[in-house]
Each structure stands twice: as structure tokens, then as C-alpha cells.
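> Sequence plus the predicted model coming up.
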Amino acid sequence: VNGTMTRSSNQGETWSLLNPVTSADLHGIDIDGDNFCVVGDNGTIFTSFDHGANWTIHASGTTRDLKAISIHSNSESNLVAVGEKGTILRSTNSGENWSNVSIPDTTINFHCISQQTRQNYNATNYYIAGSQGKIYKSTNLGASWVLKNSGTTNTLRSIYFSGNDSGAVTGDNGTVRMTTNAGETWFADPYFNSATGSITSISQMPR
């Protein structure tokens, strides 16, 4: 809220409050090494490439609220941000300029984004998900997007790929959907049949 950010340099044992960069509410952050990217309301995007010591605010070209952002694992120059009303933004120069590759359907709000897998530096797939159970896949670093059938109309809140082919998405009403073919098709796992509530985040512990 109101641009609040904190940072830890000791694996979460203690946290320090950072000087505010914006007064906008912030919703999404991605970190890859020393590279930080943050998005929020009114098209707010800012980046740091020195572990949060200094920040640059970028003109996103939109006033729509942004909910999530991803830095490509192979190059900090490739960024994709998503948000309300079908908004998808793409940068190929570390956030200096953004191209609008939004979908035409403005009834969809995107809440989350995932890469194919961060361990595969050559991966070119991105996945985004949001309201009405919509999942979109890009195979060209976010330049274009194709709708995939998630098998649900519940709002999807979090998406995560643990490998090139294996991923999961979670959302409202205990929704958990999985894929084993790189997001082409999605299925329910009976293990999660009793899940309830809104599942807002999914991830995997490092091995």
C-alpha cells in the first residue's frame, strides 16, 4: 500500500524499509539475481539492477493497474507485465520502452505470470492467468499470445512452472489445475478435490 517496500539481505531474518519510489499501491515483483522489477496501480513500473539500491521509474504507456511482472531468466532486458482489462506489456530493453500486446477482451483481469522454467535459460514460453479461468500462452517471449482451455471459469490467482512441461495454476473456490504438456492442456488432480477458499500463491521450495 502507498508504495511500501521492504528488503532483507539475510534470508528474511530481518527487514528494512526502503525509501518510497511511488505512492501507488504495488502488486507484483520479480527478482532475478540483482535485478528487481515492480508493478502497481496506474501503470506503475520501476526497476533496479543493483539489488534495490537505486530505482528507475518507467513510462509504461498505460494507466491501468498492473498486477504481475516477469524478468526473463536469460536476459534482464526482456520483461513482461500484465494487469487489468486484458493488459499485457512487453519490453526488450530493460523497461526503457514498452509495447502494448494486450488481448482485445477487456473483461479479463490478469493476476499472475510464469516463465516456462527459470532453470531453462533458452526457454521462450510465458504463461499468464486471471479472471474467468483464462490462461494465455506465449512461445515467443511475450510478443503474441494464444488462449488455452483451463477447464475452469474460476478466477486464477497464481501460476508456476517447475519444469519445461510441468506447471500448476491456482485460484478461487479451491481451484488447482495442472499441466504436463507445457500448458497445452490442463487437468484437475483428485488430491486437491477437498481444497476450498482462494489459493492465491503457488511455488516450489528450492532443492
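That came through fine. Numbering: from 1, shown residues only.

> Okay, now the unreliable bits of this structure?
Residues of the chain meeting the criterion pLDDT under 70: 118, 120-121, 205-207.

> give me phi/psi at Ser131?
phi -70, psi 160 (degrees, to the nearest 10).

> Pull the contacting residues for Asp25.
Listed by Cβ atoms under 8 Å, 6 or more residues apart in numbering, the contact set of Asp25 reads 1-3, 40-41. Every C-beta, even on glycine, is put in place using the N, C-alpha and C of the backbone.

> should've said Thr4
Neighbouring residues of Thr4 by Cβ under 8 Å, 6+ apart: 17, 20, 26.

> can you tell me which of those residues are in helices?
Taking DSSP state H, every one of the contacts of Thr4 sits outside helices.

> In contact with Val1, which residues are there?
Applying Cβ under 8 Å, 6+ apart to Val1 gives the contacts Asp25.

> repeat that with 10 Å
Val1 makes contacts with 23-26, 40, as judged by Cβ atoms under 10 Å, 6 or more residues apart in numbering.

> Scan those residues and report the most crowded one.
In terms of neighbours by other Cβ atoms under 10 Å, those top out with Gly40 at 24 neighbours.

> ok now do the closest residue to it other than its chain neighbours, which residues does it touch?
Excluding the flanking residues, the one nearest Gly40 by Cβ to Cβ, 6 or more residues apart in numbering is Leu26, at 3.9 Å. The contact partners of Leu26, taken as Cβ under 10 Å, 6+ apart, are 1-5, 38-41, 44, 46, 66.

> likewise Val101?
By Cβ under 10 Å, 6+ apart, the contact set of Val101 is 80, 87-90, 138, 142-145.

> are any of these buried, and which?
Among those, the ones that count as buried by 16 or more other Cβ atoms under 10 Å are 80, 87-90, 138, 142, 145.

> Nice, that's everything, thank you.
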